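Trainee: Dropping the sequence and predicted coords here.
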Amino acid sequence: SFPGGKRDPADGDAVATALRETREELGLALGAERVWGRLRTVPSREGMLVTPVVANLGPLEDVTLTPNPQEVEEVFTIPLDHLLQVENQGYTHYRAKGRYSHTLPVFLHGPHRVWGLTAIITELTLELLAPDLY
């Protein structure tokens with residue numbers, strides 16, 4: 001999943017929360033000038049409203065991450081061109097009371113399967129960054 005968490009009273013807005021959580025979880029301090037913007041708010045399974053914030057990290061080769069082991073189990077990246085390949089995209093169909101209730105995207109990358117809210121945010125990002133390809 002992406003860095004994130006609940007808004008603290010000291011956070012001015014969703015962007016401030018995202019930047020703080022990225023620093024706390026990944027040891028990556030980004031300034032607000034790196035933020036491209038916010039995606040539309042989406043509800044979590046628990047009923048919380050999540051506001052995805054998109055930022056430019058620059059070349060990944062120049063990024064040093066120091067994951068907080070109490071919050072982060074593993075860090076991996078997926079190239080944009082990999083996400084745009086049809087064979088790496090799919091959907092999971094959910095059932096409730098014997099009927100299909102909803103369908104969500106899923107993305108595959110080696111041993112990793114991106115699903116749930118992370119896949120929804122990934123899909124929103126792809127629609128924004130590559131509207132003619134996704």
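Mentor: That came in fine, so what should we check first? All values reported here derive from a predicted model rather than from experimental measurement.
Trainee: which residues in the protein form helices?
Mentor: Listed in chain order, the helices of the chain (DSSP state H) span residues 14-26, 80-83, 116-129.
Trainee: now the strand ranked longest in the chain and helix 116-129, what's the angle there?
Mentor: Looking across the chain with DSSP state E, the single longest strand is strand 99-109. Orientation check (axes from the mean of the first three to the mean of the last three Cα atoms, to 10 degrees): strand 99-109 against helix 116-129 gives 70 degrees.
Trainee: buried sites along strand 99-109?
Mentor: 105-108 (16 or more other Cβ atoms under 10 Å). (Each C-beta comes from the backbone N, C-alpha and C, glycine too.)
Trainee: same check, this time on stretch 31-44
Mentor: 35, 39.
Trainee: now stretch 49-69
Mentor: Buried residues in stretch 49-69 (16+ other Cβ under 10 Å): 50-55.
Trainee: give me the low-pLDDT residue ranges for this structure?
Mentor: In the predicted model, the chain carries no residue with pLDDT under 70.
Trainee: and if we set it to 80?
Mentor: Within the chain, the stretches with pLDDT under 80 are 1.
Trainee: which residues does the residue nearest to the spatial centre of the chain contact?
Mentor: Compute the mean C-alpha point of the chain, and by Cα atoms, centre = their mean the closest residue is residue 2, 4.1 Å away. Counting by Cβ atoms under 8 Å, 6 or more residues apart in numbering, residue 2 touches 52, 118, 121.
Trainee: before we move on, what about residue 17?
Mentor: Counting by Cβ under 8 Å, 6+ apart, residue 17 touches 4-8, 11.
Trainee: Residue 22: which of the buried residues of strand 99-109 is nearest?
Mentor: Checking these against residue 22 with Cβ to Cβ, the nearest one is residue 107 at 20.9 Å.
Trainee: roughly how far apart are that closest one and residue 90?
Mentor: 8 Å (Cβ to Cβ, to the nearest Å).
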